[in-house]
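S.K.: Sequence first, predicted coordinates after that:
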Amino acid sequence: MAIVEFENVSRVYTSGDHEQKALDQVNLSLEEGRFIVVLGPSGAGKSTLLNLLGGLDSPTEGRIVVDGRDISELSEDELADYRSYAVGFVFQSYNLIPTLTVYENVALVREIAPEALDPKEMLTKVGLEDHMKQFPSQLSGGEQQRVSIARALTKNPRILLCDEPTGALDSQTGVLVLKLLLEMARNYGKTIIIVTHNQNIARMADAVIHVKNGKIESVEEQDHPLSADEIDW
């Protein structure tokens, strides 16, 4: 069953007399519990796709239906509620609160997510069990990225949106994080959507969406995706 459907979705940004069509009549259907990778050159519309699905932006035209609900028709308050329970985000900017410890940054999501998971368990899964009392300024960039991933997973969303989630990580830690994301899709039924330039990550996906010039060029189904351990990083 499809958890996400884009129906003739376009997003146009206007600056003065200039119009830029970031997405152009996109139609897309995504099944629940799958590990999905979005590939495409810079400016292709990949991040716009994530922002629209995450309720951070609204389409200029078309419908975005998530779990039977048209989120393009939601009010700002309804969108905030949608973001609090349905979707999690891992962006290249970590968005950590500098005055809170690692544990507090992650545990904070329990105030907005009704079915949040154990923050300590998620921090342990990303290899940060010894850093819970530290502050973001005491961590490396890769460690801060792992905190943001733990926070997104603790929220226990049905859909997790990731923009280059391993970009700041060394290969060993990147593999650890990817294994965790795969586990969330395979064992917990989460829908993981990753925007990346890394072709190796695409080899792990159930489906690879190719985006170019704001359009979906193709959706490549992969019947036998590789595990993180099968890839030569």
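M.R.: Alright, I've got the coordinates. The structure displayed is predicted, hence computed values, not measured ones. Residues are numbered from 1 along each chain as shown.

S.K.: So for L53, what's the pLDDT?
M.R.: Reported pLDDT at L53 in the predicted model: 97.

S.K.: name the element S42 belongs to?
M.R.: Assigned by DSSP states H and E, S42 falls within no helix or strand.

S.K.: Distance of it relative to L169?
M.R.: 20 Å (CB to CB, to the nearest Å). Every C-beta, even on glycine, is put in place using the N, C-alpha and C of the backbone.

S.K.: which of the two has more neighbours?
M.R.: Between S42 and L169, counted using other CB atoms under 10 Å, the more crowded position is L169 (22 against 7).

S.K.: ok, the residue nearest to the spatial centre of the chain - contacts?
M.R.: What sits nearest the mean C-alpha location of the chain, by CA atoms, centre = their mean, is L161, with 1.2 Å. The neighbours of L161, taking CB atoms under 8 Å, 6 or more residues apart in numbering as the test, are L50, L53, G54, V87, G88, F89, V90, I193.

S.K.: How many residues are close by the residue lying closest to M184 once chain neighbours are set aside?
M.R.: Nearest residue to M184, sequence neighbours excluded (CB to CB, 6 or more residues apart in numbering): K190, at 4.3 Å. Neighbour count of K190, defined by other CB under 10 Å: 21.

S.K.: Over to Y13?
M.R.: For Y13, the number of neighbouring residues by other CB under 10 Å comes to 12.

S.K.: Let me know the helix or strand that it is in.
M.R.: Element membership of Y13 [criterion: DSSP H and E] is strand 2-15.

S.K.: Partner strands of the following helix or strand past that strand, with direction?
M.R.: Following strand 2-15 in sequence order, the next helix or strand is strand 18-31 (DSSP H and E). Sheet pairing of strand 18-31 (DSSP bridges) gives strand 2-15 (antiparallel).

S.K.: any idea of the mean pLDDT for the strand it pairs with?
M.R.: On average, strand 2-15 scores 96.

S.K.: ditto for stretch 33-50
M.R.: Mean predicted confidence for stretch 33-50 is 95.

S.K.: rewinding a little: can you name the residues that contact the residue nearest to M184?
M.R.: G33, P157, R158, I159, L160, M184.

S.K.: Tell me the confidence at it?
M.R.: Predicted confidence (pLDDT) for K190: 93.

S.K.: do the same with the one 3 residues further on
M.R.: Note for I193: predicted pLDDT of 97.

S.K.: So which elements touch the host helix or strand of G62?
M.R.: Assigned by DSSP H and E, G62 belongs to strand 61-66. On a contact count with 3 or more CB pairs under 8 Å, 6 or more residues apart in numbering; DSSP states H and E, strand 61-66 meets strand 2-15, helix 46-53.

S.K.: mind redoing it with 7 Å?
M.R.: In terms of contacts (3 or more CB pairs under 7 Å, 6 or more residues apart in numbering; DSSP states H and E), strand 61-66 is packed against strand 2-15.

S.K.: before we move on, the earlier item: got the contacts of K190 as a markdown table, with neighbour count and secondary structure columns?
M.R.: What follows is the contacts of K190, written out as a markdown table (neighbours: other CB atoms under 10 Å; DSSP: H, G, I helix; E, B strand; the rest coil):
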| residue | neighbour count | secondary structure |
| --- | --- | --- |
| G33 | 17 | coil |
| P157 | 24 | coil |
| R158 | 19 | coil |
| I159 | 21 | strand |
| L160 | 24 | strand |
| M184 | 22 | helix |
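
S.K.: and the helix or strand of the chain with the lowest mean pLDDT, how far from the chain's centre?
M.R.: Every helix and strand in the chain was compared by mean pLDDT, DSSP states H and E; the lowest is helix 171-188, with a mean of 89. For helix 171-188, the separation from the chain centroid amounts to 13 Å (computed by CA atoms, centre = their mean, to the nearest Å).
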